[in-house]
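S.K.: Here's my sequence, what's the structure:
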Amino acid sequence: MMIQALRSFCFDGMAYVLTGLFIIFCTLVFPFLSHLKRFYLYQSFMKFLLWLAKTVLGLKYQVLDKQYLEETAKNGPCILACKHQSVWETLVVSSFLKDFTIVLKKELKNIPLYGLFLKNLDMIFIDRQARSQAVKNLIIQGRQAFKAKKSIIIFPEGTRSIPGTVTTYHPGIALLYQDLKIPVVPIALNSGLFWGRRSMVKKSGLITLQFLPPIQPGLDRNEFMNRLQDNLETACQKLNESVQKTD
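M.R.: Numbering: from 1, shown residues only. Below you'll find the model as predicted:
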């Protein structure tokens, strides 16, 4: 445990320092780069952080059933609904698509330099306190992303959850689904078992991320939300149990 705590401390220190330097670098060069080149830099750095986690923490990952995303994305933009258990998935989701936007909380935009960095990547920001206005802004920005042929990544819970617990799924994803009339690809995972929500110590091991069959357009709001939550929670529970059996 002591060794893993030391590895976690080293990883956090290196990740924070290198991320800070990367954001400063991007602030200087982004004005001279196209959107796709900015995204290439962003994706490259996220892959580097995943490599750092593997090297320093001994934290690896595997991806299951990626064909569901690939087959869906071939037909145009889609919505990726990702279970949210840790910071880890915010790193890995950048590696699956060439161009996309992520729905983020507005507070991130107010962080010096980091907020500008995210704005330069055309992320979607919503004010969770504004409620009705937040929904309107989400729809407007979602339409803009769809028009630009970008897929949208959203964390339906809005915040990180503890593995094995079921939190509220916010309705914004259902409104996007109904308004844009595009498929939703759910993403299940068990990252919280290794990279805990509030834990200082990150465990070594193998995180599993699994793409689930897409939910096609045409369902009403309640039916969609029920299917999304049932599919995600059932898949996540199975992934959690697979880890517990090997412990």
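S.K.: so Ile102 touches Lys150, yeah?
M.R.: No: with the criterion set as CB atoms under 8 Å, Ile102 and Lys150 do not qualify as a contacting pair; they are 10.1 Å apart. (C-beta placed from N, C-alpha, C; glycine too.)
S.K.: give the contact list for the residue most central in space within the chain.
M.R.: Taking CA atoms, centre = their mean, the centroid of the chain lies closest to Thr90, which sits 4.1 Å from it. Applying CB atoms under 8 Å, 6 or more residues apart in numbering, we find Thr90 in contact with Ile102.
S.K.: in the host helix or strand of it, what counts as buried?
M.R.: Secondary structure from DSSP states H and E places Thr90 in helix 88-92. Going by neighbour count (16 or more other CB atoms under 10 Å), the buried part of helix 88-92 is 88-92.
S.K.: Tell me how far it lies from the chain's centre.
M.R.: In this view, helix 88-92 has its centroid 6 Å away from the chain centroid, taken as CA atoms, centre = their mean, to the nearest Å.
S.K.: The longest helix along the chain: what's the following helix or strand?
M.R.: Of all the segments of type helix in the chain, defined by DSSP state H, the longest one is helix 2-29. Using DSSP H and E, the helix or strand that directly follows helix 2-29 along the chain is helix 35-52.
S.K.: what packs against that next one?
M.R.: helix 2-29, helix 88-92 (3 or more CB pairs under 8 Å, 6 or more residues apart in numbering; DSSP states H and E).
S.K.: looking at the ones you listed, which is buried most?
M.R.: By mean neighbour count, with neighbours taken as mean count of other CB atoms under 10 Å, helix 88-92 ranks first of the helices and strands packed on helix 35-52 at a mean of 21.
S.K.: Flag every buried residue along the helix or strand just after that helix.
M.R.: Going down the chain from helix 88-92, the next helix or strand is strand 100-105, by DSSP H and E. Taking 16+ other CB under 10 Å as the neighbour-count basis, strand 100-105 is seen to contain the buried residues 100-104.
S.K.: what's the angle between strand 100-105 and helix 35-52?
M.R.: Following axes from the mean of the first three to the mean of the last three CA atoms, to 10 degrees, one obtains 70 degrees for the angle between strand 100-105 and helix 35-52.
S.K.: now what about strand 100-105, what contacts it?
M.R.: Around strand 100-105, the neighbours that count as contacts under CB under 8 Å, 6+ apart are 80, 90, 93-94, 118, 121-126, 128, 138, 141, 145, 150-155, 158, 172.
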